[in-house]
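# Got a predicted model here, sequence first, then my questions.
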Amino acid sequence: VPMIPISWYYIQESRKPACCSVRRYLGDCYTMLQSKGMFYIALYCFAHGSIGDINTTASGNVAKYWAKVHNMQAALFGIVGAGIFALGLWIVKRYLLHVCWRRIIAGTTVLLVAIDSIFTYCTVYDVLRDQYFYLGETVVVMVPAAARFLMTTFAVVEISQPGKEGITYGLMTTLHNLGSPVAQATSNIIFGTFRPRLSDASNYLKDTPHFRNTVALSYAFSYAAGILALLLLPLFPSQKEETRHRQETWPRKAVYAKCIVAGTVVAWIYSVTL
C-alpha cells in the first residue's frame, strides 16, 4: 500500500507524445523476439528454472517434524534474510560487476548446494535438530542468492532495445517463473516413487534409519538437479560485451519468436492447469 503514493509522487517521468500504435509496438516486440541472442537467454531462463528448481517433497516435513520450525521464527528469519539479500546486491555492485556472469552463476550454485547440505544433513541424521540452526541456512545463502539473481537481470538489461525494456524484463521474468511449476510437477513425479513415502508424516515420527537414508537420497537428487542445470550455461552470455555482440551479429529468424511465444503460452497453460 505505501508503494502506491510513493510511486505516484516521487517517480518523475516526462510525458512523451505517442509515436506509434499498439499494433506497431507489438509488431516491433515480435521483431525483437526474432533475435537468436534473445532466444538463447529466454531458453536459459525457462530451462534453468525447470531443472534447477527440482526440489525434494520432503523439505516441508523435515522442517516441521524434525527441525520443528515455527511460523514466527521462520518469518523473522525471512526478514533478516531479506536484509542480507540487500547486502548481497551491494557486494555485487561493489566488487563483481565485471566478473564473468557464468562463473558467478556456477560458483554461487555450488556454494548454495554446499551450504544447504550442511544444515540439511545435520537435521536429517539428527546431528543437530534445532529450528534456529535449520533456519540459519536461509540467512547464510542470501548473499550468493543475490549474486545469482542479478546475473540474469544484467543480461536482460543489456539485450533490451530502447523503449522495450519493460516488456523484455516482463517476458524473461515470466519464463523464469514458469519454470518453477514445471519443476514442481517433475519433483512430484520423481519423489513420489520414493519408498517409504516422503509425504507420509508418520514416517518422520517413526524416524527410522532407513527412512533417514531415503530422505537424504531425495536431497541428493535435488542437489544433482541444481548442478545439472549448470550445463545450460553456454546458452547464457559471459558478460555485457558478449550480450551486445550476440544481439548485433547473431541472425534473426521468425522461428525464434514463434518458439518463444508458443513456449510461453504452453508453459503458462500447463502450470495453471496443473
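Cool, the structure landed.
# Name the nearest residue to residue 183, ignoring sequence neighbours.
residue 53 (3.7 Å; CB to CB, 6 or more residues apart in numbering). Every C-beta, even on glycine, is put in place using the N, C-alpha and C of the backbone.
# May I ask you to confirm that the one you found is in contact with residue 179?
Yes - look at residue 53 against residue 179 with CB atoms under 8 Å: they come within range, at 6.1 Å.
# List the contacts of the helix or strand of the chain with the lowest mean pLDDT.
The weakest-scoring helix or strand in the chain, judged by mean pLDDT, DSSP states H and E, is helix 22-33 (a mean of 83). Helix 22-33 has contacts (CB atoms under 8 Å, 6 or more residues apart in numbering) with 20, 38-39, 42, 161, 164, 167-168, 171, 252, 256-257, 260-261.
# Which single one of those is nearest to residue 273?
Lowest distance from residue 273 to those (CB to CB) belongs to residue 261, with 18.6 Å.
# So which residue is dead centre in the protein?
By CA atoms, centre = their mean, the chain has its centre lying nearest to residue 49, at 5.7 Å.
# Now do the helices in the stretch 1-150 of the chain.
3-10, 22-33, 36-52, 59-61, 71-95, 101-124, 131-140, 142-159 (DSSP state H, counting those that start in this stretch).
# helices or strands up against the helix or strand just after the last one?
Sequence order places helix 165-191 as the next helix or strand after helix 142-159, per DSSP states H and E. Using 3 or more CB pairs under 8 Å, 6 or more residues apart in numbering; DSSP states H and E as the contact criterion, the elements in contact with helix 165-191 are helix 22-33, helix 36-52, helix 142-159, helix 209-228, helix 254-273.
# what about helix 165-191, average pLDDT?
If you average the pLDDT over helix 165-191, you get 87.
# The residue nearest to the centre of the chain and residue 173, how far apart?
11 Å (CB to CB, to the nearest Å).
# repeat for residue 263
Distance, residue 263 to residue 173, using CB to CB: 15 Å.
# More neighbours: which of these two?
Ranked by neighbour count (other CB atoms under 10 Å), residue 263 and residue 173 place residue 263 first, with 17 against 14.
# Now for the spatially closest residue to that one that is not a sequence neighbour, how many residues are close by?
In space, and not counting its chain neighbours, residue 263 is closest to residue 46: 6.7 Å by CB to CB, 6+ apart. By other CB under 10 Å, 23 other residues sit near residue 46.
# List the residues that contact residue 46.
Applying CB under 8 Å, 6+ apart to residue 46 gives the contacts 175-176, 178-179, 263, 267.
# can you put the residues you listed in a markdown table and add distance to residue 2?
Putting the contacts of residue 46 into a markdown table (distance: CB to CB, whole Å) gives the following:
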| residue | distance to residue 2 |
| --- | --- |
| 175 | 30 |
| 176 | 27 |
| 178 | 30 |
| 179 | 31 |
| 263 | 37 |
| 267 | 34 |
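# now for the residues you listed, which pair is the farthest apart?
Largest pairwise distance in these, by CB to CB, is 12.7 Å, between 176 and 263.
# okay, and for the stretch 1-150 of the chain, where does confidence drop off?
The model of the stretch 1-150 of the chain has pLDDT under 70 over residues 16-20.
# Go ahead and confirm residue 175 touches residue 48.
No - using CB under 8 Å, residue 175 makes no contact with residue 48, being 9.6 Å away.
# From start to finish, how long is stretch 30-39 in a straight line?
Length of stretch 30-39, first residue to last, CA to CA, to the nearest Å: 12 Å.
# same thing with stretch 203-216?
For stretch 203-216, the first and last residues are 14 Å from each other (CA to CA).
# Also stretch 121-140?
Terminal-residue distance, stretch 121-140 (CA to CA): 16 Å.
# Can you give the contact residues for that stretch?
Contacts for stretch 121-140 (CB under 8 Å, 6+ apart): 62-63, 66-70, 73-74, 77-78, 80-81, 84, 115-116, 118-120, 207, 212, 215-216, 219.
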